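Asker: this one's sequence-less:
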């Protein structure tokens, strides 16, 4: 019973947002007001608690998600502060995979920005209930109502404002709590630690009355109890409203909206109250579902320490060659010295140490149970997305989707003696980050690293230098292109060789044809399965898949191609998987060569916020980079330019756009799709 009571008071939440919306500043105030820290650090000073990496402190951005645990009243909040830059979106993905709720921070000036949409849709994907916090209301151009409207228009959400900002001239004084019908005011002299409740200012009385009626109307559309009271014309009390808001939030029907200015120490305590009041405990979430590894039968686990163990590795950090795994425990218990079965890797693991995390600091625990988020050391095989369970009651949970890299560069150590050390470090980074790849180019002998953007790879090379004292030379970033076909064609090949004293023979005819962009590669057969031995069919399918790793133009992966097996020929005593795989790879290459192979390049969605006086120069520069402007939206004294631009044209753009706008424009971009390369570039 004690465990259940503890779970009811537990909140596992993430702070997610577009870069520079103020996530880490919000988190720093949460830590301060909860008593977790006793001095407020600032992002711009490089002293924020959750930005512990040197690179985060130098750049003033969050690069890796950081975990902490803090008290608020009777509740215990386990919190993950995530990055907002698109290059590190995998950190948001794997955090949301294990969280029960999220606080989405929006900039009151920038509103719903591109990465805001990305993280919102990631939360949709994992059915995570959310609160919204409109931050930076102290800045010129801030507009609370506009952000709420953008949430409705851009995110297809149903925002439910629970607060209104109180301004004295241009100065944010506090907020009106629409549920309680009172004003909350912060005093600057105590760093916002004391919240003073006051009557609603007379000048805002009519506005507050209108917004509270609107709040009840919106709730009545989603809650029968409130609808009944609304139709009767009866007054709705604060307790009834809070219960209805919680029900609608947990059902993903509404998004409660709070507001404030974290840097000015205003708005955080009511947000924490909202987290406890409206976001789910582990007991409010449906049971975690997976399947039994051997049989494929559905399986589920409830958040109960008495059930068999089910835990999920959502992140890995390598420390001195050892794995520190970030783990969400869904059911059962993890204890020091205990054996756990890794159902993904089909390996037994042993728990050496368990830690409760506070950024990069740790406190040892003897055990962790259902609902906890902890770090575990001692695992030898565990990787991101692995399931840990009781071997007698196995369960396998769905893995985390990884993102394909879009940019590559060559790296080499400045001293030949450091080559082996470089390869060890790159393997370590790849173990930590599923979106980072490293390989040796067989043609040039160069070491190639690939990632999600220029900043991603810049951070990797910087970490090699600062953390490991490894100086490297880097080549110019290279775009990771794709190859595809422009028409249908056939390819036929024969394989006839003697290998190890035995004759091997195979003949294969394939047809390749283009698919719509983004469809991936598909394989099918017109030859009856009954006439093909299983190992032959498998060898042909493997041959097609491996042949698609390198195209015929420049060796880039082949994408969006449908391959059909038209015919094959076998000889008795000479049929082998080696022959059919090699023959298939040759037939595929011949088919692609005959089907008009073309190169595809990654296209990025770019959003530029630029003062109107610099708009012409920015649009002209985007056109010179082969960009296509989709729309230009006025926003007060700014213009928002939405464009699609080839990634190859965006190298060094941050420097260029600052020059064009005297440092006043900002931009963000994220991958959109691959498109056939045309013109001089092709």
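Answerer: Yep, it's here. Everything numeric in this text was worked out from a predicted model, so none of it was measured.

Asker: how about low-confidence regions in the stretch 251-400 of the chain?
Answerer: Scanning the stretch 251-400 of the chain for pLDDT under 70 picks out 320-321.

Asker: Name the nearest residue to residue 594, ignoring sequence neighbours.
Answerer: residue 489 (3.8 Å; CB to CB, 6 or more residues apart in numbering). Where C-beta positions appear, they are placed from N, C-alpha and C, glycine not excepted.

Asker: what's across from the one you found in the sheet?
Answerer: As for beta bridges, residue 489 partners with residue 512 under DSSP bridges.

Asker: Look up how far residue 549 lies from it.
Answerer: Computed as CB to CB, to the nearest Å, the residue 489 to residue 549 distance reads 20 Å.

Asker: Which residue of the two possesses the greater neighbour count?
Answerer: Legend: neighbour count by other CB atoms under 10 Å for residue 489 and residue 549, higher for residue 489 (18 against 11).

Asker: looking at it, the more buried one is touching residue 589, isn't it?
Answerer: No. The pair residue 489 / residue 589 is not scored as a contact, 11.6 Å apart, by CB atoms under 8 Å.

Asker: which residues do these two both contact?
Answerer: The overlap between the contact sets of residue 489 and residue 589 (CB atoms under 8 Å, 6 or more residues apart in numbering) is empty.

Asker: what sits against residue 8?
Answerer: So residue 8 contacts 281, 283 (CB under 8 Å, 6+ apart).

Asker: next one: residue 656
Answerer: Residue 656 neighbours (CB under 8 Å, 6+ apart): residue 621.

Asker: Would you double-check that it falls in a helix?
Answerer: Yes. Under DSSP: H, G, I helix; E, B strand; the rest coil, residue 656 falls within a helix.

Asker: What is the burial count for residue 72?
Answerer: Going by other CB under 10 Å, the residues that sit close to residue 72 add up to 19.

Asker: what's the top strand by length along the chain packed up against?
Answerer: Secondary structure assigned by DSSP state E gives strand 597-611 as the longest strand of the chain. Where contact means 3 or more CB pairs under 8 Å, 6 or more residues apart in numbering; DSSP states H and E, strand 597-611 is packed against strand 482-485, helix 615-624, strand 638-646, helix 653-660, strand 666-676.

Asker: Which of the residues in stretch 310-322 are classified as buried?
Answerer: Across stretch 310-322, burial judged by 16 or more other CB atoms under 10 Å covers 310, 311, 312, 313, 314, 315, 316, 317, 318.

Asker: Name the helix or strand for the last one, please.
Answerer: When elements are defined using DSSP states H and E, residue 318 is found to belong to strand 310-319.

Asker: quick one: strands adjacent to that strand?
Answerer: strand 322-331 (antiparallel), strand 387-389 (antiparallel).

Asker: Nearest to residue 64 among those strands would be which one?
Answerer: strand 322-331 (10.6 Å; CB to CB).

Asker: So what touches the closest one?
Answerer: 12, 67, 98, 288, 301-305, 307-318, 334, 355, 357, 368-377, 379-380, 382, 388, 431.

Asker: before we move on, back to that, winner for burial among the helices and strands packed on strand 597-611?
Answerer: strand 482-485 (a mean of 24; mean count of other CB atoms under 10 Å).

Asker: I'd like the distance from that strand to the chain centre, please.
Answerer: 27 Å (CA atoms, centre = their mean, to the nearest Å).

Asker: just checking, what packs against that strand?
Answerer: Under the contact rule (3+ CB pairs under 8 Å, 6+ apart), strand 482-485 is packed against strand 502-514, strand 597-611.

Asker: Alright, I will stop here.
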